[in-house]
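Peer 1: Mind folding the following:
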Amino acid sequence: MPEKDRNLDDPWDTFLSSPVIANNKVFFGCGVGTFYALDCNTGAKAWEFKTGDVIHSSPAYANNTVYFGSWDSYLYALNAEDGLLKWKFKTGIDTVYYNQVGFQSSPVVYKGMVYSGCRDAHVWAIEAETGDLKWKYFNDFSWVIATPAIHNDTLYFETSDSHKLVALNAVTGKHLFTGDCKTYGFSSPAIADRKIYLGNQGGSLMAFDSKTGKTLWEFQTPAASANKDSIIAPNGEFNYAKIFTENTYAASLKAVDLIYSVGSVLSSPAVWNGMIFFGSTDSCVYALH
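Peer 2: Below is the predicted model:
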């Protein structure tokens, strides 16, 4: 449903920029496209930087630099002291559907590289100092909304339409393995004890083997187990014909509400002391052994 002539609230844009604190400053972006640095103690504005669209990507900080993405399709690197632009990197644009563009995923800095997913269906690996492209990985037109996680030179992330957990070599971008997430995934992975934990929009928290991508177990929220509107099919995927009834903006809004009714796990899990904690759209926070 192309909407090139007017702006619409995006029902799939589920995240806002979270703050990052470093060197007595708090850094964050906002919906008017401005990125701010404030004094932690007083709240006084240290500097601001204007991008071309909303900022729902949370920043990453490393080596006196803040990195973040904007809906204007650029990944930015700013000097953390004065907000001056170090570099910006252009990602893909979409002139057909007007939704395969921009960042919801937040960047991760690792060994001199910046990694981020994008709605242009790529994961990007950018040189942190120069802004030069190291490699990119295409996900068959599927958004990468969730922030990647990296452990032992392996980068893990979840995709949307293709419903995958993907593992890549962080240095080369080589594909290592793929796991099946069953439904759309906006949850960032957590890594602990050789396991990958992440949520899906079908109301499940899933655990995968970090070396193979094999599913180890799956916990469903009560709403997903009840499946009162029968939107989850017997194979665990969504019943798309029941959810997406029309190709209109109004129907898309209704579809998102219907999906959330099964307790979608959009939050990123946290692991502590043998427990996994996560939130759900059923208004509950869960703790699993």
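
Peer 1: quick check, distance from the helix ranked longest in the chain to the centre of its chain.
Peer 2: If you go by DSSP state H, the chain has its longest helix at helix 249-260. Centroid separation for helix 249-260 versus its chain: 20 Å, with Cα atoms, centre = their mean, to the nearest Å.

Peer 1: Name the helix or strand for the residue nearest to G213 when sequence neighbours are not counted, please.
Peer 2: Nearest-residue entry for G213: G179, 3.4 Å, with adjacent residues in sequence omitted and distances by Cβ to Cβ, 6 or more residues apart in numbering. For the C-beta atoms, the positions are set from N, CA and C on the backbone; glycine is no exception. Counting by DSSP states H and E, the element that carries G179 is strand 175-180.

Peer 1: which residues touch that strand?
Peer 2: 137, 154, 163-169, 196, 208, 212-215 (Cβ atoms under 8 Å, 6 or more residues apart in numbering).

Peer 1: ChimeraX command for the buried members of the residues you listed?
Peer 2: The ChimeraX selection below is limited to those of these classed as buried (16 or more other Cβ atoms under 10 Å):
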select :137,154,163,164,165,166,167,168,196,208,213
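
Peer 1: now the strands: where do they sit in the stretch 101-250 of the chain?
Peer 2: Remark: strands assigned in the stretch 101-250 of the chain by DSSP state E, counting those that start in this stretch are 108-110, 113-117, 122-127, 133-138, 149-151, 154-158, 164-169, 175-180, 190-192, 195-199, 204-209, 215-220.

Peer 1: Of all these, which one is nearest G69?
Peer 2: strand 113-117 (5.8 Å; Cβ to Cβ).

Peer 1: The closest one: partners in the sheet, and parallel or antiparallel?
Peer 2: According to DSSP bridges, strand 113-117 has the following sheet partners: strand 108-110 (antiparallel), strand 122-127 (antiparallel).

Peer 1: Give me the angle between the last one and strand 164-169.
Peer 2: Read that as strand 122-127. 30 degrees (axes from the mean of the first three to the mean of the last three Cα atoms, to 10 degrees).

Peer 1: Figure out how far strand 122-127 is from the centre of its chain.
Peer 2: With Cα atoms, centre = their mean, you get 14 Å for strand 122-127.

Peer 1: got it, and stretch 64-81?
Peer 2: With Cα atoms, centre = their mean, you get 16 Å for stretch 64-81.

Peer 1: Any idea how many residues pack against I243?
Peer 2: For I243, the tally of surrounding residues (other Cβ atoms under 10 Å) stands at 17.

Peer 1: Contact partners for it?
Peer 2: I231, A255, L258, I259.

Peer 1: Next: I150.
Peer 2: I150 neighbours (Cβ under 8 Å, 6+ apart): V108, Y110, Y115, Y156, A170.
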